[in-house]
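Asks: Pasted the sequence and its predicted model underneath.
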Amino acid sequence: MSEEALPLVDYRGNCHCGAFKFTFKAPELKKTFACNCSICYKIGYLWCAPPKEHFVIVKGDEKDLKSYEFGNRTIAHKFCPTCGISVMCRTSDGKLGVNLRTLMDVDVAALPVTISDMASKPPLYQVPDPVVVENVGEGMNVYSGSCHCGAIGYTVVKPDKIVRAKECNCSICYREAALWIYPPATSVTFKGLESLTEYTFGVGDTYHGSCSICGSSLRERFTEPGRTDMALNVRTLNGFDLSSIEIRKSDARDFRGVYRM
């Protein structure tokens, strides 16, 4: 049976704060697609391409999403300006892509992923200059990262190498596709924080920080008394091989109550 003849299933999704909600009809999702290009790698997209005639916005307006283009500017990446979640993209020839991480009631993590190798396709991504840290001690490990557009950069100095990161399945971390490490806040030097958007919810003790220009999820800032660390998303490290580290999964989906939208 051709895909056009398959029965259609209703799907619904949203950014985390709920300012933008949508539905679409498509054949049952049995796989997803990822890309290793510079933006998809940092954002952690998992893609599907529903028929645009079956895509319906039920809350908010697409024009209210922030739009980010780069390179040859043939794709507009769209994210919520409030919570920073990357929702979708549109190509210059009218095609639609939806980030499956934003779907409700779908175990997207169980879907097989087909990876498209686009990292070497021109125009090549120009990695932003690292944030310089003076007087680094002997034997220390230095890692530099940034959002995609380069407005925000950081360098973290650690006595040990990065060998593992945490993948959390809570409602926001999964949408961010974040892979977290937790260095002392004093070991991280930032530049460009005036371009950071922070978002909190629930009890309000964790502030998720993303770039207001390109939507890259960079950090978590904690306000719990006595807590001195921060979370950094290692997807945003430049020149870092994620396949070289252990990814530890954390089941926090219902840690502070069931997420409903």
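Replies: Now that the structure is in, tell me what you want to look at.

Asks: Would you map the helices across the stretch 51-200 of the chain?
Replies: All helices of the stretch 51-200 of the chain, identified by DSSP state H, counting those that start in this stretch, fall at 171-176.

Asks: Any chance of the backbone angles for the residue lying closest to Val127 once chain neighbours are set aside?
Replies: Spatial nearest neighbour of Val127, excluding adjacent residues (C-beta to C-beta, 6 or more residues apart in numbering): Asn238 at 4.8 Å. (Glycine included, C-beta is placed from N, CA and C.) Dihedral angles of Asn238 (phi, psi; degrees, to the nearest 10) stand at phi -90, psi 130.

Asks: In contact with Asn141, which residues?
Replies: Taking C-beta atoms under 8 Å, 6 or more residues apart in numbering as the contact definition, Asn141 lies against Val157, Lys158, Pro159, Asp160, Lys161, Ile162.

Asks: what bridges to the closest residue to the fifth one other than its chain neighbours?
Replies: Yep, that's Lys161 we're talking about. Sequence neighbours aside, Asn141 is the residue nearest to Lys161 in space, at 5.3 Å (criterion: C-beta to C-beta, 6+ apart). For Asn141, the beta-bridge partners are Lys158 (DSSP bridges).

Asks: same question, the one 5 residues further on
Replies: According to DSSP bridges, the partner residues bridging Ser146 are Gly153.

Asks: tell me, how many neighbours does it end up with?
Replies: 26 (other C-beta atoms under 10 Å).

Asks: Now do the end-to-end distance for stretch 94-110.
Replies: 29 Å (C-alpha to C-alpha, to the nearest Å).
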